[in-house]
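1. A predicted structure for the sequence below; I have some questions about it.
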Amino acid sequence: MSGEPAEQAKAEAPAPLGVYVHVPFCASTCDFCAFYQQQPTANDVDRFLAGIENEAALVPWTRPVTTVFWGGGTPGLLAPRDLARLAETVRARCAGAPQEWTVELAPASVTEARLKVLREAGVTRVSMGVQSFQPALLDGLGRQHTREQIFAAYERVRAAGFPSVNLDLMFALPGQTAEEWAGDVREAVALAPDHLSTYCLTFEEDTKLWVKLSQGRVKLDLNHEADLYEATWAQLAAAGYAQYEVSNFARPGHACRHNLNTWHMHEWVGLGPSAASQQAGWRGGNIADLEKWLAHLARGERVTEDRVRLSPSLLAEDALIFGLRMNAGVNLAPWRERAPEAPWPMVEDTLATLAAAELLVRQGDLVQLTNRGRLVADSVGSEIMTAFEPLFETA
């Protein structure tokens with residue numbers, strides 16, 4: 001009987017609530033980047049910070065914030081005093097310290113003064129966009145940091161005492177060999193970060209790389225990409241990093257809670273231009289324009305773009321698509337109960353077809369991708385979407 005109060009408290013714990021802040025400032029645009037951004041001026045930064053304060057005041061804060069994530073853009077471009085102001089705005093809405101607070105930093109923006117402000121504010125996790133340790137590849141991506149800056153920045157971050165540090169790497173870069181990529185992974189592992197994210201380069205429209213692809217100056221090689229994926233998984237497993245999502249690896253206790261909560265279809269509040277939100281039965285985003293975002297806030301408006309009501313079936317669909325990207329997979333049972341109107345016979349047929357193709361495995365209601373399935377996770381997601389289409393066509 002002694003365990004009942006603890007079990008009851010756990011059962012009654014509020015669902016996770018995340019906060020994502022999009023800081024839309026970059027010194028320059030990387031060739032691969034399609035995120036909304038602009039070069040900052042002092043006036044723009046001041047108006048952005050005031051806008052975050054105003055937008056936070058419009059949000060219905062129904063429970064304590066569990067996780068915080070600042071992305072961009074480059075949050076580290078903000079001056080220390082501006083980082084402190086942004087942190088105070090967020091902390092005032094958290095009703096206590098969040099379980100995890102991540103800030104993305106570019107190596108060139110890492111200074112002891114900025115790190116001191118972030119650490120004192122309560123930031124627990126730094127995610128640094130390394131992409132590559134090779135000067136020629138960094139130059140090809142349009143990155144504005146050097147190999148030497150990566151090592152100096154990492155040393156400063158560790159010295160500042162953040163409990164968890166992630167490094168972002170990118171593979172299948174134009175001209176990158178398998179040996180060069182394996183070397184990048186080795187250099188990252190040698191730094192002993194707590195978490196590693198390894199992303200396959202994608203060609204987004206309206207980026208410099210997309211133009212190069214359309215002109216034939218760079219080419220796609222899907223077989224090469226698949227080889228790099230599998231080599232990465234083996235190399236990081238041997239180094240003690242457990243894969244928990246297609247692109248993410250962590251030492252025990254260091255998986256990104258904010259992302260896990262998002263992939264499990266919990267709620268999050270997005271603040272800043274272009275930030276997305278999923279809260280109070282709605283999903284949508286802020287307009288990707290600083291001036292228009294500020295104008296909307298002046299009228300008391302937020303989450304005005306691609307606004308959609310969240311039905312249980314839509315959440316079930318997304319829980320399958322994003323959940324299958326995680327190594328733990330998806331338990332179908334709670335989603336059948338939550339969304340009985342979803343087209344489960346068609347979903348089951350689709351899952352059976354994918355299982356027959358050895359892209360996933362079933363253990364009762366638990367569905368997990370195989371390694372082969374993870375190589376084509378986007379295609380698996382498309383098949384899941386097709387299974388759900390009849391419901392939304394008649395809605």
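-> Received it, and whenever you're ready, just let me know what you need.
2. Following the chain onward from the helix or strand bottoming out on mean pLDDT in the chain, which element is next?
-> Comparing helices and strands within the chain by mean pLDDT, DSSP states H and E singles out helix 208-214 as the least confident, with a mean of 40. If you walk from helix 208-214 toward the C-terminus, the next helix or strand you reach (DSSP states H and E) is helix 222-238.
3. That following helix packs against which elements?
-> In terms of contacts (3 or more Cβ pairs under 8 Å, 6 or more residues apart in numbering; DSSP states H and E), helix 222-238 is packed against strand 164-171, helix 178-191, strand 195-200, strand 242-245, helix 371-375. Any C-beta I mention is one placed from the backbone N, CA and C, and that applies to glycine too.
4. Take these and write them to CSV, including mean neighbour count and mean pLDDT.
-> As requested, the helices and strands packed on helix 222-238 are arranged in CSV below (neighbours: other Cβ atoms under 10 Å; pLDDT from 0 to 100):
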stretch, mean neighbour count, mean pLDDT
strand 164-171, 21, 96
helix 178-191, 17, 97
strand 195-200, 20, 95
strand 242-245, 18, 98
helix 371-375, 18, 95
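5. Quick one: these as TSV, columns for distance to Asp139 too.
-> Compiled in TSV, the helices and strands packed on helix 222-238 are given as follows (distance: least, Cβ to Cβ, whole Å):
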stretch	distance to Asp139
strand 164-171	14
helix 178-191	14
strand 195-200	19
strand 242-245	29
helix 371-375	29
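6. Please enumerate the helices of the stretch 1-150 of the chain.
-> Assignment of helices within the stretch 1-150 of the chain using DSSP state H, counting those that start in this stretch yields the ranges 4-11, 42-58, 80-92, 112-121, 135-141, 147-160.
7. Please report how far the most centrally placed residue in the chain lies from Asp82.
-> Central residue of the chain (Cα atoms, centre = their mean): Asn259, 5.6 Å from the mean position. Here Asn259 is placed at a distance of 26 Å from Asp82 (Cβ to Cβ, to the nearest Å).
8. for Gly240, same thing?
-> Between Gly240 and Asp82 the computed distance is 38 Å (Cβ to Cβ).
9. The two: which is more packed in?
-> Asp82 (21 against 12; other Cβ atoms under 10 Å).
10. Let me know the pLDDT of that one.
-> Predicted confidence (pLDDT) at Asp82: the value is 97.
11. go on, the one 5 residues further on?
-> Note on Ala87: pLDDT of 97.
12. who's in contact with it?
-> Contact partners of Ala87, counting by Cβ atoms under 8 Å, 6 or more residues apart in numbering, are Val117, Leu118, Ala121, Gly122, Val123.
13. Report the two of the residues you listed separated the most.
-> In the contacts of Ala87, two members sit farther apart than any others by Cβ to Cβ. They are Val117 and Gly122, at 10.7 Å.
14. which of the two has more neighbours?
-> Val117 (21 against 15).
15. okay but that one is in contact with Pro80, surely?
-> Yes: Val117 is within contact range of Pro80, at 4.6 Å (criterion: Cβ atoms under 8 Å).
16. Please give the element, helix or strand, for Gly284.
-> Taking DSSP H and E as the definition, one finds Gly284 inside strand 282-285.
17. tell me the domain boundaries of this structure?
-> Split into domains by automatic domain parsing, the chain comes to 9-262, 311-395.
18. and of those, who's closest to Ala288?
-> With Cβ to Cβ as the measure, domain 9-262 is the member of the domains of the chain nearest Ala288 (3.8 Å).
19. how far does that closest one sit from the chain's center?
-> Centroid separation for domain 9-262 versus its chain: 8 Å, with Cα atoms, centre = their mean, to the nearest Å.
20. and what of stretch 346-354?
-> From the chain centre to the centre of stretch 346-354 is a distance of 28 Å (Cα atoms, centre = their mean).
21. Output it as PDB, restricted to C-alpha atoms.
-> Output in PDB follows, covering the C-alpha atoms of stretch 346-354 (Å, rounded to 0.1, in the frame of the first residue of the first chain):
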ATOM      1  CA  MET A 346      -7.200   0.600 -43.700                       C
ATOM      2  CA  VAL A 347      -4.400   1.500 -41.300                       C
ATOM      3  CA  GLU A 348      -4.100  -2.200 -40.300                       C
ATOM      4  CA  ASP A 349      -4.000  -3.200 -44.000                       C
ATOM      5  CA  THR A 350      -1.300  -0.600 -44.600                       C
ATOM      6  CA  LEU A 351       0.700  -1.800 -41.600                       C
ATOM      7  CA  ALA A 352       0.400  -5.400 -42.800                       C
ATOM      8  CA  THR A 353       1.700  -4.400 -46.200                       C
ATOM      9  CA  LEU A 354       4.700  -2.600 -44.700                       C
END
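22. ok, residues contacting that stretch?
-> With Cβ under 8 Å, 6+ apart as the test, stretch 346-354 has contacts from Leu320, Leu360, Arg362, Val367, Gly373, Val380, Glu383, Ile384, Thr386, Ala387, Phe388, Pro390.
23. Could I get the average pLDDT for that stretch?
-> Averaged across stretch 346-354, pLDDT comes to 97.
24. got it, and stretch 248-268?
-> Averaging pLDDT along stretch 248-268 yields 97.
25. okay, how far is it across it, tip to tip?
-> Chord length of stretch 248-268, first to last residue, is 20 Å (Cα to Cα, to the nearest Å).
26. wait, which of the domains of the chain is closest to His296?
-> For His296, the closest of the domains of the chain is domain 9-262, at 9.1 Å, according to Cβ to Cβ.
27. Where does pLDDT dip in this protein?
-> Low-confidence regions of the chain, defined here as pLDDT under 70, cover residues 1-12, 27-38, 143, 202-221, 391-395.
28. So what sits opposite the closest residue to His258 other than its chain neighbours in the bridge?
-> Ranked by Cβ to Cβ, 6 or more residues apart in numbering and with sequence neighbours excluded, the top spatial neighbour of His258 is Thr67, at 3.8 Å. Under DSSP bridges, the beta-bridge partners of Thr67 are Gly18, Glu100.
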